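[1] what's the 3D shape of this:
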Amino acid sequence: MGIGQFFAKYSFINLFIATLVMSIGPFFYATFIFLFISRSYDTFIEDFLFLFWVQIYFYPLYYLAGFVFIALYQSYKRAKIKKQFPWY
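    Model prediction:
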């Protein structure tokens, strides 16, 4: 599979994964603040949205890291198959 085919095949999946990863950090931080400090839903929403907004600047990094991890996983799967079936 060429590099163009790789990007075409995994770009939508990676978009979803990068957005999910980008949401995890602010969600847990806002939950921690809500449970142990403020007990206010307004604070929870404000903290989450602020941290999510700040992370948008790092989104290309998440997107690139997602492609790297997908490529590593594909390489691992290929090596595992070759080990089990050397003629394949």
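[2] state the mean pLDDT of the helix ranked longest in the chain.
    Secondary structure of the chain read by DSSP state H shows that its longest helix is helix 3-33. Mean per-residue pLDDT for helix 3-33: 80.
[3] cool, and stretch 80-88?
    Taken as a whole, stretch 80-88 has an average pLDDT of 73.
[4] so which bits of the longest helix of the chain are buried?
    Going by neighbour count (16 or more other CB atoms under 10 Å), the buried part of helix 3-33 is 10, 14, 17-18, 21-22, 26, 30, 33. (C-beta placed from N, C-alpha, C; glycine too.)
[5] that helix: what's the following helix or strand?
    Counting by DSSP states H and E, the element after helix 3-33 in chain order, helix or strand, is helix 41-55.
[6] got the contact list for stretch 15-33?
    43-45, 47-48, 50-52, 55-56, 58-59, 62-63, 65-66 (CB atoms under 8 Å, 6 or more residues apart in numbering).
[7] now do it: distance to the chain's middle.
    When distances are taken as CA atoms, centre = their mean, to the nearest Å, stretch 15-33 is centred 9 Å away from the chain's centroid.
[8] same check, this time on stretch 47-54
    Offset of stretch 47-54 from its chain centre (CA atoms, centre = their mean): 16 Å.
[9] stretch 57-69 too?
    Relative to its chain's centre, stretch 57-69 lies at 7 Å (CA atoms, centre = their mean).
[10] in it, what's buried?
    For stretch 57-69, the neighbour count (16+ other CB under 10 Å) marks 62-63, 66-67 as buried.
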